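Undergrad: next comes the sequence, and after it the predicted model I'd like to discuss.
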Amino acid sequence: MLWQGLASRFSGVEIDLFVVMPNHLHGILVLTDVGAIGTPLSEVVGAFKSMTTVEYIRGVKAKGWPKFRGRLWQRNYYEHVVRDETELNRIRQYIDDNPAQWEFDDEHPLKARP
């Protein structure tokens, strides 16, 4: 998987928990070069977006995947610095629980509308 491959592509990056949702991804990246000038997070995320877009285009051409009109990725991303173990565990739990919440997501195409 391309997400897991980020750790081998970038020194100072470790992959923690992640989940791929139908329209987004939740993941924890651990930047281990604390105090050193390591790879910027924006470069890691940009590389991931680029690699996945290239793989998608290959899939469209070679495997008949449906074409997607527009951009695959939004311009930016959400980032949050995790300060302690308690917060890390709370975020891990959120990621674990997120797939069960998909049916209630406003972006779910089959969600009941009021």
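TA: Structure's in. What do you need?

Undergrad: ranges for the strands of the chain?
TA: 13-20, 25-31 (DSSP state E).

Undergrad: and those as TSV, adding mean neighbour count, mean pLDDT and distance to A7?
TA: In this view, the C-beta of every residue, glycine as well, is placed from N, C-alpha and C. Putting the strands of the chain into TSV (neighbours: other Cβ atoms under 10 Å; pLDDT from 0 to 100; distance: least, Cβ to Cβ, whole Å) gives the following:
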stretch	mean neighbour count	mean pLDDT	distance to A7
strand 13-20	14	94	5
strand 25-31	16	93	9
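
Undergrad: include distance to W73 when you put those strands into JSON lines, please.
TA: Shown next, in JSON lines, are these (distance: least, Cβ to Cβ, whole Å):
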{"stretch": "strand 13-20", "distance to W73": "13"}
{"stretch": "strand 25-31", "distance to W73": "10"}
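
Undergrad: grab the most central residue of this structure for me.
TA: L25 (3.8 Å; Cα atoms, centre = their mean).

Undergrad: CA atoms only for the longest helix out of those in the chain, dumped as PDB, please.
TA: The longest helix of the chain (DSSP state H) is helix 41-63. Extracted as PDB, the C-alpha positions of helix 41-63 are listed here (Å, rounded to 0.1, in the frame of the first residue of the first chain):
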ATOM      1  CA  LEU A  41       4.900  17.100   6.500                       C
ATOM      2  CA  SER A  42       3.600  18.900   3.400                       C
ATOM      3  CA  GLU A  43       6.200  17.100   1.300                       C
ATOM      4  CA  VAL A  44       5.100  13.700   2.700                       C
ATOM      5  CA  VAL A  45       1.500  14.400   2.100                       C
ATOM      6  CA  GLY A  46       2.200  15.900  -1.400                       C
ATOM      7  CA  ALA A  47       4.100  12.800  -2.300                       C
ATOM      8  CA  PHE A  48       1.300  10.500  -1.200                       C
ATOM      9  CA  LYS A  49      -1.300  12.500  -3.200                       C
ATOM     10  CA  SER A  50       1.000  12.400  -6.200                       C
ATOM     11  CA  MET A  51       1.700   8.600  -6.000                       C
ATOM     12  CA  THR A  52      -2.000   7.800  -5.500                       C
ATOM     13  CA  THR A  53      -3.000  10.000  -8.500                       C
ATOM     14  CA  VAL A  54      -0.400   8.300 -10.700                       C
ATOM     15  CA  GLU A  55      -1.600   4.800  -9.600                       C
ATOM     16  CA  TYR A  56      -5.200   5.800 -10.300                       C
ATOM     17  CA  ILE A  57      -4.400   7.000 -13.800                       C
ATOM     18  CA  ARG A  58      -2.600   3.700 -14.400                       C
ATOM     19  CA  GLY A  59      -5.700   1.900 -13.200                       C
ATOM     20  CA  VAL A  60      -7.900   3.900 -15.500                       C
ATOM     21  CA  LYS A  61      -5.700   3.100 -18.500                       C
ATOM     22  CA  ALA A  62      -4.800  -0.500 -17.800                       C
ATOM     23  CA  LYS A  63      -7.600  -1.900 -15.700                       C
END
